[in-house]
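J.: Sharing a model prediction with you, sequence too.
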Amino acid sequence: MSVVLLDAATTGWSARLNLRFQPRDVNGAQRTVMTERNHFGPLRILKPLYPEGDAICHAVIVHPPGGIVAGDSLAVDLRVDGGAHALATTPGAQKWYRSTGAAASAITRLHVADDARLEWMPQETMVFDGARAKQTLAITLAPRAIFFGWEMLCLGRTARGERFATGEFRQSIRLVRGDGGAPLWRESMVLTGNDPLLGSTLGFRDLPVTATAWIAFPDVESGLLTCDILAVVRDELADAPLAAASSPEAGLIVIKAIGDAPEAVRNLLIGVWKKIRLQVFSCQAILPRIWST
């Protein structure tokens with residue numbers, strides 16, 4: 001794939017996608033239905049998929065251009081109402097191309113209502129050398145919401161041995177319980193090309209991939225105990241020396257991992273998801289079909 005170079009005059013594309021999932025009674029059984037799928041610009045959703053039956057709706061978010069270039073602005077707003085269960089993913093990595101001019105941005109807002117369930121499992125964000133980008137993820141969970149999600153970042157095209165030597169990448173992540181509530185998790189990162197943090201033993205250790213994952217659920221009230229789920233997660237990570245899990249507070253488990261390839265880190269997080277899904281979501285783990293195409 002050729003690298004796209006754009007000058008400062010480029011305005012880029014603006015794109016928005018709004019999704020909403022609600023429960024419906026169909027012949028006496030509950031079905032999760034995508035009741036809103038509004039889009040503007042190059043952001044789309046494939047048709048709702050039900051590989052696990054009617055109760056869980058799988059949604060595949062597609063960005064047809066295949067990459068984000070100078071001046072692009074993307075926004076995704078996804079809501080899951082009480083009683084609904086959605087799993088959202090992407091068919092491939094989100095690519096941020098090199099820019100000699102304007103920065104690009106993407107913001108994702110996830111809202112999960114009481115008694116709703118969301119699994120947010122996009123493939124990695126790949127930042128090309130020379131990219132200038134800002135990425136924001138805002139997660140709002142109601143008190144009785146159940147959530148599993150991850151954010152994976154790959155600096156440079158690892159298959160080409162590319163490093164993030166120039167450019168700037170800004171990332172902001174915020175997870176809160178309840179509208180206007182205090183953050184359960186918040187992190188901000190500003191990386192410039194050849195940032196000392198990339199090679200530091202306290203940072204990336206010269207590894208190109210980093211990831212954060214979250215498991216959130218109403219502790220005790222749901223019959224789940226944070227210490228029990230944390231033990232399962234740590235057991236799954238036992239053979240991964242560059243991954244760890246902690247619980248900042250009851251009902252929240254955070255996983256951090258770094259690695260030398262996106263596939264390795266993704267498989268690590270998938271392994272955790274498979275281990276906890278039956279306990280946390282009351283269903284067996286079935287991988288999204290789009291990952292096999």
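T.: Yep, that arrived. Please read all numbers here as calculations on a predicted model, not as lab measurements. Residues are numbered from 1 along each chain as shown.
J.: where along the stretch 1-150 of the chain do the strands fall?
T.: Taking DSSP state E, counting those that start in this stretch, the strands of the stretch 1-150 of the chain run over residues 14-26, 29-40, 44-45, 57-62, 73-80, 85-89, 94-96, 104-112, 117-121, 125-127, 132-141, 146-155.
J.: same for the longest one, what does it pack against?
T.: The criterion is 3 or more Cβ pairs under 8 Å, 6 or more residues apart in numbering; DSSP states H and E, and the helices and strands that strand 14-26 contacts are strand 29-40, strand 44-45, strand 57-62, strand 73-80, strand 85-89. Just so you know, the C-beta spots here come from the backbone N, C-alpha and C atoms, and that holds for glycine as well.
J.: Spatially, and excluding backbone neighbours, which residue is closest to residue 280.
T.: Distances taken as Cβ to Cβ, 6 or more residues apart in numbering place residue 217 nearest to residue 280, at 5.6 Å, with adjacent residues excluded.
J.: right, and that neighbour touches residue 251 too?
T.: Yes: between residue 217 and residue 251 there is a contact at 5.6 Å, judged by Cβ atoms under 8 Å.
J.: Return the most buried member of the strands of the stretch 1-150 of the chain.
T.: Greatest average neighbour count among these goes to strand 125-127 (a mean of 26), per mean count of other Cβ atoms under 10 Å.
J.: Can you tell me what sits against that strand?
T.: When contacts are defined by Cβ atoms under 8 Å, 6 or more residues apart in numbering, strand 125-127 is touched by residues 93-96, 133, 135, 151-157, 164, 167, 169, 262.
J.: residues contacting residue 215?
T.: Contacts for residue 215 (Cβ under 8 Å, 6+ apart) come out as 147-148, 229, 233, 252-253, 255, 276, 280.
J.: Can you redo the residues you listed as a markdown table, where the extra columns are secondary structure?
T.: Formatted as a markdown table, those follow (DSSP: H, G, I helix; E, B strand; the rest coil):
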| residue | secondary structure |
| --- | --- |
| 147 | strand |
| 148 | strand |
| 229 | helix |
| 233 | helix |
| 252 | strand |
| 253 | strand |
| 255 | strand |
| 276 | helix |
| 280 | helix |
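J.: about what we covered before: reformat the helices and strands packed on strand 14-26 as TSV; add distance to residue 193 and mean pLDDT.
T.: Output for these, formatted as TSV (distance: least, Cβ to Cβ, whole Å; pLDDT from 0 to 100):
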stretch	distance to residue 193	mean pLDDT
strand 29-40	33	94
strand 44-45	32	93
strand 57-62	29	96
strand 73-80	23	97
strand 85-89	30	98
